[in-house]
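Student: my questions are about this predicted structure, shown below with the sequence.
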Amino acid sequence: MGGKSSKKISMSKFAHILKVHPCYNEKLHDKVGRVHLPVAPKCNIACKFCRRSIDKECCEERPGVAKRIMKPEDVEDYLQELTKKMSNLKVVGIAGPGDSLFNKETFETLEIIGEKFPDLIKCISTNGLLLPKYAKKLSDLEVKTVTVTVNAIDPKILKNIVEWIYYDGKIYRGEEGASILIKNQMEGIKKAHDLGLIVKINTVLIPEINMDHIVDIARTFKDIAYLQNIIPLIPLYKMENLRPPTCEEIKSIREKCERYLPQFRACQQCRSDAVGLISEKRLNIFDLKHFSH
C-alpha cells in the first residue's frame with residue numbers, strides 16, 4: 001500500500017472538513033465549537049476500564065459521563081437554542097455514554113440533524129463491533145467522521161481489556177469475544193474508509209497491558225485511517241489498581257506510532273454531553289435553562 005505521500009493525496013478531499021473539526025485539528029480547540037448529544041446509553045462490550053456515570057455521578061470530565069440521557073425528540077429544540085448561543089458551533093457528535101451504533105436513537109438523531117441542521121458536520125464514536133453492519137447507513141446519513149476505539153489487534157491482549165462482548169444476541173468472553181471484536185473493527189474501518197468516511201483510531205494506553213503493542217495498531221491501520229489518538233488510561237472500575245502512563249511513555253509511544261499514522265496530541269477525553277470549545281470547560285447540555293426542569 002501507499003506511504004505518507006499517497007495518504008496526503010487521498011485525504012486532500014477531506015480538507016474542507018478537517019479545517020473545521022476540532023477533534024481532528026488541534027489548532028481549532030479555541031476556535032470551533034462542538035456538541036456531544038448523549039442519546040446512546042446502551043453498550044455492547046464491557047471494557048474493564050470503563051465506568052459509565054449518569055445523573056448523580058456526572059461530575060467527572062471523561063468519556064462515559066453525562067448528566068442525563070437525551071431523547072431524539074429533544075434534539076431539534078436543543079440545537080436551535082445552542083446555535084443561537086454559539087456562532088462557532090460547527091460539529092455535532094454522538095459519543096455515548098454507551099456505544100453509538102448499539103442504540104437506534106443514534107440513527108434517529110442523525111436523521112433529525114441532517115434534516116434540520118444540514119450545515120453541521122456529523123460525527124460518531126464507536127467501539128466498532130457493529131461498524132461493518134452500519135458503515136453504509138452512516139455514509140447514507142452523511143456522517144463525515146468516525147472514531148473507533150481500538151485497544152489491541154491481538155486477542156490474547158484484548159481479552160485483558162474487554163471482559164465480554166454482546167453480538168448477534170449472544171455474549172462472548174475471553175479470546176473468543178476479543179477475536180470477534182477485532183475482526184469487526186478491521187472490517188468496519190476498511191468499509192468506512194472505502195465509503196469515504198474519515199476514520200480516527202482512539203487507543204487507550206494501558207502500560208501494563210498494551211504499551212508495547214500499540215505500534216502494531218498504527219501499522220495495521222496506516223492506509224485506511226487518517227489519524228490516531230493515544231489517550232492515557234484513567235484507572236477506574238476493574239483497572240482502578242493499574243497505573244496510568246507517564247508523560248514520557250505517552251510521548252515515546254506516539255513517536256513510534258507516528259511512523260505509520262499521524263498522531264493527535266491534544267485530546268481532552270471529553271464527556272458524552274460536552275458542549276463548547278474543547279479548550280475550555282463549558283456547560284453541558286442540561287445546564288441550559290430549557291433542560292433544567
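Tutor: Sure thing, it's come through.
Student: when you work out contacts or count neighbours from here on, use the C-alpha atoms and nothing else.
Tutor: OK.
Student: quick check, central residue of the chain?
Tutor: Ser125 (3.1 Å; CA atoms, centre = their mean).
Student: list the contacts for it?
Tutor: Residues near Ser125 by CA atoms under 8 Å, 6 or more residues apart in numbering: Gly93, Ile94, Ala95, Gly96, Asp99, Ser100, Val146, Thr147, Val148, Thr149.
Student: helix, strand or coil for the first one?
Tutor: Following DSSP: H, G, I helix; E, B strand; the rest coil, the label given to Gly93 is strand.
Student: sorry, back to before: so how do I select the buried members of the contacts of Ser125 in PyMOL?
Tutor: Here is the PyMOL command that selects the buried residues among the contacts of Ser125 (16 or more other CA atoms under 10 Å):
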select buried, resi 93+94+95+96+99+100+146+147+148+149
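Student: which helices and strands sit right next to the helix or strand encompassing Ile250?
Tutor: Ile250 belongs to helix 247-257 when assigned by DSSP states H and E. Packed against helix 247-257 by the contact rule (3 or more CA pairs under 8 Å, 6 or more residues apart in numbering; DSSP states H and E) you find helix 214-220, strand 227-232.
Student: and it with strand 227-232, angle?
Tutor: 160 degrees (axes from the mean of the first three to the mean of the last three CA atoms, to 10 degrees).
Student: returning to that earlier point: tell me, which of the helices and strands packed on helix 247-257 is the model least confident about?
Tutor: Among the helices and strands packed on helix 247-257, strand 227-232 has the lowest mean pLDDT, at a mean of 94.
Student: element containing Val204, please.
Tutor: Here Val204 is assigned to strand 198-205, by DSSP H and E.
Student: centre of the chain versus that strand, how much separation?
Tutor: The chain centroid and the centroid of strand 198-205 are separated by 7 Å under CA atoms, centre = their mean, to the nearest Å.
Student: now it against strand 227-232, angle please.
Tutor: Going by the same axes, to 10 degrees, strand 198-205 makes 20 degrees with strand 227-232.
Student: send me strand 198-205 as CSV with only the CA atoms.
Tutor: Extracted C-alpha coordinates of strand 198-205, given in CSV (Å, rounded to 0.1, in the frame of the first residue of the first chain):
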residue,chain,number,x,y,z
ILE,A,198,-12.7,9.9,7.7
VAL,A,199,-11.6,7.4,10.4
LYS,A,200,-9.7,8.2,13.6
ILE,A,201,-8.4,5.5,15.8
ASN,A,202,-8.6,6.0,19.5
THR,A,203,-6.3,3.8,21.6
VAL,A,204,-6.2,3.7,25.4
LEU,A,205,-2.6,3.3,26.6
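Student: can you tell me the strand partners of that strand and which way each runs?
Tutor: strand 143-149 (parallel), strand 227-232 (parallel) (DSSP bridges).
Student: dump those strands into CSV; add distance to Pro41 as well.
Tutor: Below are the strands paired with strand 198-205 laid out as CSV (distance: least, CA to CA, whole Å):
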stretch, distance to Pro41
strand 143-149, 17
strand 227-232, 22
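Student: Asp168 is nearest to which of those strands?
Tutor: Asp168 lies closest, by CA to CA, to one member of the strands paired with strand 198-205: strand 143-149, at 19.8 Å.
Student: and the closest one, what's its mean pLDDT?
Tutor: pLDDT averaged over strand 143-149 gives 95.
Student: pLDDT below threshold where in the protein?
Tutor: Filtered on pLDDT under 70, the chain yields the residue ranges 1-32, 52-67, 266-293.
Student: closest one to Ile198 among the strands paired with strand 198-205?
Tutor: strand 143-149 (4.6 Å).
Student: identify, from the contacts of Ser125, the entry nearest to Ser252.
Tutor: For the contacts of Ser125, the nearest to Ser252 is Thr149 (20.1 Å; CA to CA).
Student: the strands paired with strand 198-205: which one's closest to Phe117?
Tutor: strand 143-149 (12.6 Å).
Student: which helices and strands does the helix or strand in which Glu175 is found pack with?
Tutor: Per DSSP H and E, Glu175 falls inside helix 174-194. Using 3+ CA pairs under 8 Å, 6+ apart, the elements in contact with helix 174-194 are helix 131-140, helix 155-158, strand 162-167, strand 198-205.
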